[in-house]
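Undergrad: Kindly generate the corresponding structure for this input.
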Amino acid sequence: MAVLPIIKYPDRRLKSKSRPIKSIDKDIERLLDDMAETMYEAPGVGLAAPQVGVNVRAIVVDISVREESTAGLIKLLNPAIIFSEGQQVGEEGCLSLPGFSSLVKRKDLIKVEGLNEKGEEMEIECSGLLSRVLQHEIDHLNGILFIDRLSRLKRELLKKRIDRVFAMESYAAF
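TA: Below you'll find the predicted structure:
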């Protein structure tokens with residue numbers, strides 16, 4: 001296993017829609033293992049393949065590092081939300097936007113289907129933090145960042161803060 005470099009905003013690859021995985025081979029298994037190691041090292045509770053520069057529909061999630069959960073590590077291929085209801089609002093950040101967060105509205109109860117790393121069909125019904133993290137990572141597969149879920153005003157204010165930080169980091173690199 002290896003820790004992979006995480007792509008940072010505003011890299012355009014984060015805005016691309018990911019390709020479905022047609023077959024599971026050793027490369028996909030290794031990608032999932034590397035993504036899990038990268039997520040834990042970051043540290044984070046979820047990671048999508050586009051965040052490590054791979055344009056396929058694969059995510060890893062483990063909320064047990066933040067709250068007590070029996071779910072453990074979830075490796076999910078070609079995930080799709082097939083049902084959602086209710087609403088929750090919670091603080092979100094992103095490994096591709098380190099140091100930035102905002103309150104984001106999400107569905108509370110969701111049902112997600114996809115494949116596990118063995119190619120077996122999975123269905124997850126959840127609410128709370130697991131629901132939020134799964135929605136966030138599935139958004140990445142569709143080229144959507146959490147800042148895209150903010151109101152126009154909040155999004156513009158946050159983008160200005162992000163641009164200032166990136167400008168200062170670029171200046172400091174000289």
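Undergrad: List of residues touching the helix or strand of the chain with the lowest mean pLDDT?
TA: Ranked by mean pLDDT, DSSP states H and E, the weakest helix or strand in the chain is helix 152-172, scoring a mean of 80. Helix 152-172 is touched from outside by 9, 10, 97, 99, 100, 102, 147, 148, 150, with contacts defined as C-beta atoms under 8 Å, 6 or more residues apart in numbering. Placement of C-beta: from N, CA and C, glycine included.
Undergrad: Okay, and residue 78 sits in which element?
TA: strand 74-85 (DSSP states H and E).
Undergrad: Dump the helix or strand that comes right after that strand to PDB, keeping only the CA atoms.
TA: Sequence order places strand 88-93 as the next helix or strand after strand 74-85, per DSSP H and E. These are the backbone C-alpha positions of strand 88-93, laid out as PDB (Å, rounded to 0.1, in the frame of the first residue of the first chain):
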ATOM      1  CA  GLN A  88     -29.400  17.900   7.900                       C
ATOM      2  CA  VAL A  89     -27.000  20.800   8.100                       C
ATOM      3  CA  GLY A  90     -23.400  20.100   9.200                       C
ATOM      4  CA  GLU A  91     -19.900  21.400   8.900                       C
ATOM      5  CA  GLU A  92     -17.900  20.000   6.000                       C
ATOM      6  CA  GLY A  93     -14.400  20.200   4.900                       C
END
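Undergrad: and residue 156, how many residues sit next to it?
TA: If you count neighbours by other C-beta atoms under 10 Å, residue 156 ends up with 12.
Undergrad: rewinding a little: what comes into contact with the strand holding residue 78?
TA: 20-21, 24, 28, 32, 36, 57-62, 107-117, 119, 122, 124-125, 134-135, 137-138, 141.
Undergrad: Next, the contact list for the closest residue to residue 142 other than its chain neighbours, please.
TA: What sits nearest to residue 142 in space, not counting adjacent residues and going by C-beta to C-beta, 6 or more residues apart in numbering, is residue 17, at 5.6 Å. Residues counted as contacts of residue 17 (C-beta under 8 Å, 6+ apart) are 141, 142, 143.
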